[in-house]
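Engineer: Here is my input, please return the structure:
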Amino acid sequence: MSIGMLFMNINLFDLVRTARNKKVTTISDDDEYDDAPIVKKRKTPSAPSTVAKKIKKEPVTTNASAKKTSVKTPSIKKVTKIKTEPGTPSKVTKATTIKKETTKKTSVAAKGKKANGKVKSEEAEEKFDNDEEEVYRWWEANEQEGTVRWTTLEHHGVLFPPEYEPLPKSVNLYYDGKAVVLPKAAEEVAGFFGAMINTDHAKKEVFQKNFFNDFLKVLKETGKPAVDKKTKEPIEIKEFAKCDFTNMFNYFEKQREIKKSLSNAEKKRIKAERDEAEAKYKVCILDGRKETVGNFRIEPPGLFRGRGDHPKTGKLKTRVTPEMVTINIGKESPVPAPPPGHKWKEVRHDNTVVWLAMWRENISGSTKYVMLAQNSSIRGLSDFKKFEKARELQYHIEKIRKDYQAELKDTLMLNRQRATATYLIDKLALRAGGEKGEDEADTVGCCSLRYEHVTLKPPNIVVFDFLGKDSVPYHNEQEVDPQVFKNLRIFKKAPKGPGDQIFDRLDPSILNKHLQNYMPGLTAKCFRTYNASHTMQQQMDLIPNEGTVNEKLVKYNAANRAVAILCNHQKAIGKTHEATVGKIDDRITEMRWKKSRLKRMILVLEPKLKNKKKDFFSDINELTADEQYDIIAKVIARDKEKLQKKFERDLAKQKEEKVPVAERVTKKDLNEKIKELTALEKQYRKEVRIKPEVKASMTVEKLMAQVEKLELQIKNTILQKQDKEDNSTVALGTSKLNYIDPRLTVMFSKKFDVPIDKLFSKVMREKFKWAIESADENWRF
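Structural biologist: Presented below is the predicted three-dimensional model:
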């Protein structure tokens, strides 16, 4: 819907609301908690559709000191010349100047025949094979989104998972102690559960119930009964408790072990074959440019996990067939051929969308799309516009806050609820929230908060307790504006009780329509991005430009953590967290032992230094004798394990390369090195009580340099441990990937001389290439 249509809908909605004012509860400014009973909930009237007036789009300014209504963009260098195919424009200009390709259904049989019969020219193949194509720097070309998203599009479709191969005859489901032979389709579903019986998901009652119901349904649909393996008599499977999947699980575990034990050469061969089969699906040609495709694989069948306590967890995700898939491609491009014996559901030529293929999954009925990769120009432009929209909000936020502060006392219930919700979304970074179906996880946001999710503690403390997105618990005890507290108490007033909506006059669509009065395209979601990036900017302003790279990195992560806490990006402490921290502690203790040993060596060479450099030698005995014995044992045991693993790797490699037996490493070689380590352990233990041995080549200067190096390593490792513990329950990546403007991280990297690869993963560096190329050390949100 265009912005013009939204504005007209808002006006018409206001007219409808005004006409019904007699039925709407009004609240005076001095109402107390017991005043003005809340009327019975009513359905929000839907806004009538109108013909939208065309609104002229504000051009994006490149001036850093943009006017209030303009969107600021990074300073732009001279636009590089973009390499394109002959006759193909380098970019899409205004949508009004390009004729939209009509979306139409194509006769699949005819198109498939045409695609199969058409021989691709060498020139067409070169589009996909050319690896030396110049990088398309769309952020310098200053492209803008419009109605038409592309003019030409060519791709190879989607990659389907392999067909199911039956299990060996020795692998069976056991029912009531008897081996059962299942029809092929039912065996596949049973195998899905059998492969994961040791997981937390499979131990949940809801998961088991949903799986078993779908398993019985598939078994019934085959038209064939389960059969006793010995007697060949039909067996009626009725109870999940009588099913034993252990035999299946053991088989799958064995297959996993076989896969792990493959030689490096075999793993490389398998990977090369897979890469070759997938290569053509990984790229498409968009407007003459090669772009990377993201999720080109059709999801394989399996059991739905879901996040949190999803009511559909354990249900069967059915196999997707070509007859369920719609292909979207350029009008003049050859339609990719479906697998033999199949046809596409539909072929479209819709240049107003950016998906290449879509299908509907059976669990929730949602649509799955094959999109371009995150580092593509279209996805990059979408990210850029999202963050620019959030930046633009800073020019309107004061007006919005002033208005909702005033409307907290509005006489109309709808306005008062809208103002209260906007306050919570702005100040607490709550998600807007929407209605959920009975078969969806009970996750809520601001507009869908219920009576039981909010507890009030006078004078103005509000306790929020609910499941947020992905079933992540949100628990926050927050001091709020006194009027907000008063409003929430009114919204919870009897006859409301558990299960009733707090904001019963409001939903996200009403809120978003209101927000667009302030700024075209503004939605409640934009506040979350704005507040995350604004908070990150504030935190970065407090960081002094001093210290080592690791010290700066810890401070950056602390700023990132403040944003993650604001956005409630929590995570459970990992199962290996304690073991990981324990290993870091051992590493720190080992380095301290080595440092102490080096200092004792220095005193062997220069005993008088102990009195001259008292501070330097003050920690020479920081470890007790028992602590030293313990770390020596761990160090030697670790080194012996490394030797054993290296021996096994070297021997396996020599066998693969068919090195003559006489030239291969032997067990004798390994045992000799292990003996050397055992002797070294005895020496280290002896040195705990007496002076250490010092090689003739060692000097005080060399030993001092080694001590200095170890002290730096100890300092960095302690920082690493602190960072890991501080972030053990906070997910930093979500806010960094989705809510914090990436140009802030790039600015930090350049201003504080921290390598970007320490801040962004490889995937993030590819996704945010536009930010890395466009922001400098002075950039501000």
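Engineer: so residue 466, which of the three states?
Structural biologist: Under DSSP: H, G, I helix; E, B strand; the rest coil, the three-state class of residue 466 is strand.
Engineer: beta partners for it?
Structural biologist: Under DSSP bridges, the beta-bridge partners of residue 466 are residue 474.
Engineer: That one touches residue 448, doesn't it?
Structural biologist: No. Judged on CB atoms under 8 Å, residue 466 makes no contact with residue 448 at a distance of 9.0 Å. From N, CA and C alone the C-beta is placed, and that goes for glycine too.
Engineer: overlap in contacts of these two?
Structural biologist: By CB atoms under 8 Å, 6 or more residues apart in numbering, residue 466 and residue 448 have no common neighbours.
Engineer: can you list the weak-confidence ranges in the protein?
Structural biologist: 1-146, 435-441 (pLDDT under 70).
Engineer: Can you give me the domain boundaries for it?
Structural biologist: 3-54+397-518, 95-160+271-373, 173-261, 579-717 (automatic domain parsing).
Engineer: okay if I get these as JSON lines plus distance to residue 541 and mean neighbour count?
Structural biologist: Formatted as JSON lines, these follow (distance: least, CB to CB, whole Å; neighbours: other CB atoms under 10 Å):
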{"stretch": "domain 3-54+397-518", "distance to residue 541": "18", "mean neighbour count": "16"}
{"stretch": "domain 95-160+271-373", "distance to residue 541": "25", "mean neighbour count": "16"}
{"stretch": "domain 173-261", "distance to residue 541": "43", "mean neighbour count": "16"}
{"stretch": "domain 579-717", "distance to residue 541": "25", "mean neighbour count": "14"}
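Engineer: got TSV for those domains, with distance to residue 560 too?
Structural biologist: Below are these laid out as TSV (distance: least, CB to CB, whole Å):
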stretch	distance to residue 560
domain 3-54+397-518	15
domain 95-160+271-373	23
domain 173-261	29
domain 579-717	19
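Engineer: what about these, which gets the closest to residue 543?
Structural biologist: Comparing these against residue 543 with CB to CB, the closest turns out to be domain 579-717 (18.0 Å).
Engineer: Which of the domains of the chain sits closest to residue 571?
Structural biologist: Nearest to residue 571, of these and by CB to CB, is domain 3-54+397-518 at 8.3 Å.
Engineer: which one is residue 717 nearest to, not counting chain neighbours?
Structural biologist: residue 588 (5.4 Å; CB to CB, 6 or more residues apart in numbering).
Engineer: what does the host helix or strand of residue 531 contact?
Structural biologist: According to DSSP states H and E, residue 531 maps onto helix 524-541. Contacts with helix 524-541, where a contact means CB under 8 Å, 6+ apart, come from 386-387, 389-391, 393-394, 397, 422, 425-426, 429, 431-432, 446, 508, 511-512, 515, 556, 558-560, 562-563, 566-567, 735, 738-741, 744, 747-748, 780-781.
Engineer: Try it again at 6 Å.
Structural biologist: 389-390, 393, 425-426, 429, 432, 511, 559, 562-563, 566-567, 735, 739-741, 744, 748, 781 (CB atoms under 6 Å, 6 or more residues apart in numbering).
Engineer: Let's see which of those residues end up in helices.
Structural biologist: With DSSP state H as the criterion, helices contain 389-390, 393, 425-426, 511, 559, 562-563, 566, 735, 744, 748 from among the contacts of helix 524-541.
Engineer: Looking at the residues you listed, point me to the pair that's furthest apart.
Structural biologist: It's 511 and 748 that sit farthest apart of these, by CB to CB, at 33.5 Å.
Engineer: gap between the top helix by length along the chain and the chain center?
Structural biologist: Secondary structure of the chain per DSSP H: the longest helix is helix 625-656. For helix 625-656, the separation from the chain centroid amounts to 37 Å (computed by CA atoms, centre = their mean, to the nearest Å).
Engineer: Which elements pack onto it?
Structural biologist: In terms of contacts (3 or more CB pairs under 6 Å, 6 or more residues apart in numbering; DSSP states H and E), helix 625-656 is packed against helix 577-605, helix 667-687.
Engineer: And the next helix or strand past the last one?
Structural biologist: Next along the chain after helix 667-687, taking DSSP H and E as the criterion, comes helix 700-726.
Engineer: okay, the angle between that next one and helix 577-605?
Structural biologist: Counting by axes from the mean of the first three to the mean of the last three CA atoms, to 10 degrees, helix 700-726 points 160 degrees away from the direction of helix 577-605.
Engineer: In terms of secondary structure, what does helix 700-726 contact?
Structural biologist: helix 549-566, helix 577-605.
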